[in-house]
Every structure is written in C-alpha cells, then in structure tokens.
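sequence and predicted structure below; questions after.
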Amino acid sequence: MAFKRVLIANRGEIALRILRALRDMGIEVAIIHGREDRLSLPVRLADVAYPIMRQNPLDSYLDIEAVVSAAKDLDCDAVHPGYGFLAENAHFVKRLEEEGITFIGPTAEVITLLGDKIEARAAMEAAGLPTAKGSSEPISSAEVAITLADEIGYPVIIKAAAGGGGIGMQIVEKSAEFENALKLCRSRAKSAFGDDRVFVEKYIEGAQHIEFQVLGDGKNAIHFGERFCSIQRRHQKLVEEGPWLSEEKRAEIGALVCEGAESVGYKGLATFEFLRDKNGDFYFLEVNPRVQVEHTVTELITGYNLVELGIRVAQGEDLPLTQADISWNGHAIQCRLNAEDPKDFIPSPGRLWECHFPSGFGIRCDTHAHPGYEMPGCFDSLLAKLLTWGPTREDAIARMRTALDETIITGVEHLIPLHRRIMDEEDFLNRDITIQYIDNHQDLLG
Ligand code: ADP
C-alpha cells in the first residue's frame, strides 16, 4: 500500500535527504523537531512540523512515546528513522507496530538480533560469512579472556556487544593489560548502551574497512557493491569511496551478504561491514540495519535512489529490480565536512556567517546548512557531505580538489583543510590506505 504521509524522526542532512525522496514519490512529509532545529531547512520545507521541546535537546529525538504520538496525531502511515537516534531501537519499532504504523526498516526481531554483535556474528557465520576468530559468548573475567586470547593470538580487541560509534573498544597486546582493558570497555559500554556485555575478537592489523550495500524485501536481497571507508578518526569515517574491489571479489562477497540478509528475512536498506587484512581476506564486522551516511557514494556509481528503494520495500513492494540490473559506472568519493577543528577533531559549533557549496558536473552536496545557520553543539558535527564523481578515481579526486577549493564556510572550524591535504597525499593517491591512515599521517592535521 502506497504511503500517503510519512513522519521523519530525524534532523540535519539526512532529514532533508529523506524529505526529497518522499517528495519525489508524491508522499506528504511530516517531521518532528526540537528547539534547536525549529528554523532548520527540513522543518521549513516539510508539509507539517511537530515540535517536541525538551530540556535535553537529544531527548526531542529519543522520546519514543512523543514520536509515536506525533505519528498518530499527524495521521502518518509510516516513520522514517534515518540513522542514529531511534533507527536501531527495537522497542520503538514494536511500539509503532502496536499502533499500526509502518517502521521504514527491518522488523524489531531483526534489529534485536543484529544489534547484538555477538548474536549477529553467530547468525552471519551460520549463513557462511567469514568472521574473525573470537568469543561466541560475552566475557566478564580476565582469566577467560586470557585463555581465549592465547588461543587466537595477540593482539585482540575487546568490543561492546551492543556497541556503536567505536565506543569502548580496547586493543590488548598482552595478557597483563586484560584486567584494566576489560573493566574500561565494560564500564564504557554500560554508560553508553546500558549493557556491559563485551566480547573478544582477533585484532586485524593493517586492515581496510570495506562495506557492502544491501537491499532486502523480507524474502530476497540484492547488493549494490562496496564502499571503501578506511580513512577514519576514532573509528568514525571521514572519507568514503567506491568501487574498490575487482568484479570477481565483488560478486563473491556480494553473494555472501545477500545470503546473510536473506537468512534473517531482512527488509530495507542494510550495510554489511567487513575488515580486509593484508592478505585480502575478509572478516565480517557488523550489519548496520538502516540507511547510512555514505549511501550517497553508491547512488552516484549505480544511479539508483537508495532511500526511495528503502521506502518502496517498506510499502510492501517486492524488490523492483534484480541483481543483473545493477552495474557500476565510474568512481565516487565523499568527504564529510564536519564542523570540527581539523587539528584535533574537537566540535566547533556556531553560526555560519557565510556559506557556499560547490555544484556543477559530477558534484553532489548533501547539506542542511545555509548562511545564518546555527550549528548546534549538542548533535553530531556533520555539516555537509561533499561528493564527486568521475569516470576514474583520478578524475573523481581532481574534481574533489576543485570542489573543496570552491567551498566557503565561515563562522565555524571545519575539515576542508584536512580533506584538501588528503586529496594530494601520496599513499591516498596510491590506494595504500588502512584504518590507521590518520594515525600514520599526523602531518595532515596541520
Ligand atoms: P562500531 O559499531 O562501534 O562502529 P565496528 O565493529 O563496526 O564498531 O568497528 C568500527 C571500527 O573499529 C572498524 O572500522 C575498525 O576501524 C575498528 N575495528 C573493529 N573491530 C576490529 C578488529 N577486529 N580489528 C581491527 N580493527 C577493528
């Protein structure tokens, strides 16, 4: 059944991205917002806006009952969660189900399964995906962890079962470090996720981060190829690009992720994240059961509107295309223009006095920013996503240099100087990039 009106339970650039897709589809746009966002572009452009004012700004987007009430009061058929906030909250999905409102994403059961990294690892291993050696159960004592680490070999990494955003992760080089590292990871996990279960996994040295874009309709799944996202700060991505793999490797891993998605009856957009080691072997990390910040890279090289496809399967449509329909054309790069100090990544909120984003052939900029926009300090620091496309990687890089040089942002610190240096850096140009790239190129921080 086609949706008539959808509630966007998010803010910033992704709210605008979803709004545009809904408009293209002829669906009315409703949106919630807190005090900080009352004058924001997605709120001004929506057909109807619903304020949820809270003392703590984050609560405007996290209060499940308030969001459910908004969807009911505004007569919405469905809620689009975007990423972050309630996007991976199974209780929220259940509450919407109870009210007969569609959640644009997978079922509560699938979210619960995939939200637990220990369970997700086991499920994907059973579906035939390669995983790094590690514990299949939560680990709470240093003795058990040490026995396991002796078996799989150091270094290992301790991660939160409920983890996200790289929070709490601890790398352990030798047994004497376990006691403290375990304590630290558990307490960070407890305060960030309210769940102190942690597990141990082989630490993949010199790894690259490669992820696959998937779309499922609950029965079948197809993939849209890979994105390379190894340039990270504090385990969070800064630059994403694609394609990266040979056709054979893409087909091989692509088939596996589709198997994985089908094995859990996945519905909606998903990203399967992997690490690839020096030998080219892949290790499954996790599934992100939602639209991702960097879905845009895949849109540029495949020509498909992923957000629209996610909404269509949520409406109950079968996959409107087959694997054979998907091909990859040229190369795309995305730079995250965060409002952060490019030396130390400290957020830099404030008013944008002046702001000009580039456009032209092969350029896309997804942003909710405009001159006069007050970048709040209480939310994510993502200000704009700047993408370029070219027939080859070299062309896309050359165009990114042009685009970065054209961008004007005054009033806040931002990452343009860092991105501009990366675009000229030799290892980057030679595709010689691992997840340690920023650590190993401190000179780029200027
Ligand atoms: P989160 O959900 O917290 O983002 P992930 O499991 O997706 O956690 O990992 C995020 C990042 O942490 C990876 O891109 C990588 O940089 C690092 N990482 C995670 N697991 C490993 C591992 N086993 N070996 C090396 N690095 C890892």
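Done, it's in.

of all residues in the chain, which one is nearest the centre?
The structure's the chain has its C-alpha centroid closest to residue 292; by CA atoms, centre = their mean the separation is 3.6 Å.

look at that one and report its pLDDT.
Per-residue pLDDT puts residue 292 at 98.

mind checking the pLDDT average for stretch 223-230?
Stretch 223-230 comes out with an average pLDDT of 98.

just give the nearest non-adjacent residue to the residue nearest to the centre of the chain, would you?
residue 271 (4.9 Å; CB to CB, 6 or more residues apart in numbering). To be clear about C-beta, it is placed using only N, CA and C from the backbone, and glycine gets the same treatment.

that's a helix at residue 87, yeah?
No - counting by DSSP: H, G, I helix; E, B strand; the rest coil, one finds residue 87 to be coil, located in no helix.

now the nearest residue to it once chain neighbours are set aside: phi and psi?
The spatial neighbour of residue 87 that comes closest, neighbours along the chain excluded (CB to CB, 6+ apart), is residue 81 at 4.0 Å. Backbone geometry at residue 81, expressed as degrees, to the nearest 10, gives phi -90, psi -10.

next up, phi/psi of the nearest residue to residue 347 once chain neighbours are set aside, please.
Residue nearest to residue 347 in three dimensions, not counting chain neighbours: residue 381, with 4.5 Å by CB to CB, 6+ apart. With angles defined as degrees, to the nearest 10, residue 381 sits at phi -90, psi 10.

re earlier: pull the number of nearby residues for the residue nearest to residue 292.
Neighbours of residue 271 under the rule other CB atoms under 10 Å: 22.

neighbouring strands - and their directions - for whichever strand or helix holds it?
Secondary structure from DSSP states H and E places residue 271 in strand 267-276. Here strand 267-276 has these sheet partners by DSSP bridges: strand 208-217 (antiparallel), strand 282-288 (antiparallel).

continuing past the first one, what's the next helix or strand?
If you walk from strand 208-217 toward the C-terminus, the next helix or strand you reach (DSSP H and E) is strand 221-233.

what helices and strands are in contact with the next helix or strand after that following strand?
Counting by DSSP H and E, the next helix or strand C-terminal to strand 221-233 is strand 236-242. Packing contacts for strand 236-242, counted by 3 or more CB pairs under 8 Å, 6 or more residues apart in numbering; DSSP states H and E, involve strand 221-233, helix 295-302, strand 331-338, helix 416-422.

for the helix or strand just after strand 236-242, buried residues please.
Using DSSP H and E, the helix or strand that follows strand 236-242 in sequence is helix 247-263. By neighbour count on 16 or more other CB atoms under 10 Å, the buried set for helix 247-263 is 250, 253-254, 256-258, 260-262.

equivalent analysis for stretch 348-360, please.
Residues 348-350, 352, 355, 357-358 are the ones in stretch 348-360 that count as buried (16+ other CB under 10 Å).

next one: stretch 161-176
Residues of stretch 161-176 classed as buried: 161-163, 167-170, 172 (neighbour count, 16+ other CB under 10 Å).

how much space between the residue lying closest to residue 419 once chain neighbours are set aside and residue 294?
Closest residue to residue 419 apart from its sequence neighbours, by CB to CB, 6+ apart: residue 335 at 4.2 Å. Computed as CB to CB, to the nearest Å, the residue 335 to residue 294 distance reads 11 Å.

neighbours around residue 414, how many?
Residue 414 has 23 neighbours, counted by other CB under 10 Å.

tell me who's in contact with it.
337-340, 342, 348, 383 (CB atoms under 8 Å, 6 or more residues apart in numbering).

again, only using 6 Å
337, 339 (CB atoms under 6 Å, 6 or more residues apart in numbering).

low-confidence stretches in the stretch 101-250 of the chain?
For the stretch 101-250 of the chain, no stretch has pLDDT under 70.

spell out which residues of it are next to the ligand.
Neighbours of the ligand within the stretch 101-250 of the chain, by CB under 6 Å from any ligand atom: 132, 157, 159, 163-167, 169, 201-204, 207, 209, 232, 235.

how far away from the center of its chain is stretch 391-398?
Its chain's average C-alpha position is 24 Å from that of stretch 391-398, according to CA atoms, centre = their mean, to the nearest Å.
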